[in-house]
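Peer 1: Sequence and computational prediction follow.
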Amino acid sequence: MSTDRPVDRCPQAAPAAVAAGRHALVRPPQDRAQRTALAAYTAFRERHYEPYLQYAALRLGRSAAAEAAVMAAFTELAVSWTAILGGAGPAAAAWRILHDHIDRALGCGPTAVPASQAVQALQHDAHFLHEQMQLSPERIAEVLGVRPENLPSLPPRAPQE
């Protein structure tokens, strides 16, 4: 009876081969978390890029400036995505980051906004997205990162001609 197995010929290699195989199959949990965060960021970017770009273009009036502001916002978002993802409202944080970059492009630095003005700004943005970009209330809530019930009342849109 032959006991000619590859592992028997080189017993010192067996633990290394087994360890290497196990390491290749079982990835550390942080790798999985990083892949999950990257997938979430990619999906978020795909879902929000167009409305962000449209909003920036309408606010800035120049497509090149809008593209630069949106790219800068998504770059900043990517750098801090894991922390933002762990927060209460990633979409709301992303909207604030976009606003900061648009404000800089307009020549105003980002400022700390009191809560009362933040609500007014949110209402203004909701109306802007509704009237200028023709977004539905559900999509507006998603883009702004708020619950639909927290949106201000929006006037019905006139039927398209």
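Peer 2: Here it is on my side, so go on.
Peer 1: The closest residue to Ala105 other than its chain neighbours: what's it in contact with?
Peer 2: The shortest distance from Ala105 to any non-neighbouring residue, by CB to CB, 6 or more residues apart in numbering, is to Ala69 (4.7 Å). C-beta here means a position set from N, CA and C on the backbone, and glycine is covered the same way. The contact partners of Ala69, by CB atoms under 8 Å, 6 or more residues apart in numbering, come to 56, 60, 98, 101-102, 104-105.
Peer 1: so Ala69, which of the three states?
Peer 2: Under DSSP: H, G, I helix; E, B strand; the rest coil, Ala69 falls in the helix class.
Peer 1: So what's the gap between stretch 95-103 and the chain middle?
Peer 2: Its chain's C-alpha centre and that of stretch 95-103 lie 13 Å apart, by CA atoms, centre = their mean, to the nearest Å.
Peer 1: May I have the residues that are in contact with the residue nearest the centre of the chain?
Peer 2: Centrality entry for the chain: nearest residue to the mean C-alpha point is Phe44, 4.2 Å, by CA atoms, centre = their mean. Listed by CB under 8 Å, 6+ apart, the contact set of Phe44 reads 90-91, 94.
Peer 1: can you list the residues you listed in TSV and add distance to Gly145, pLDDT and neighbour count?
Peer 2: TSV is the format used below for those (distance: CB to CB, whole Å; pLDDT from 0 to 100; neighbours: other CB atoms under 10 Å):
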residue	distance to Gly145	pLDDT	neighbour count
Pro90	7	93	18
Ala91	3	94	17
Ala94	7	95	24
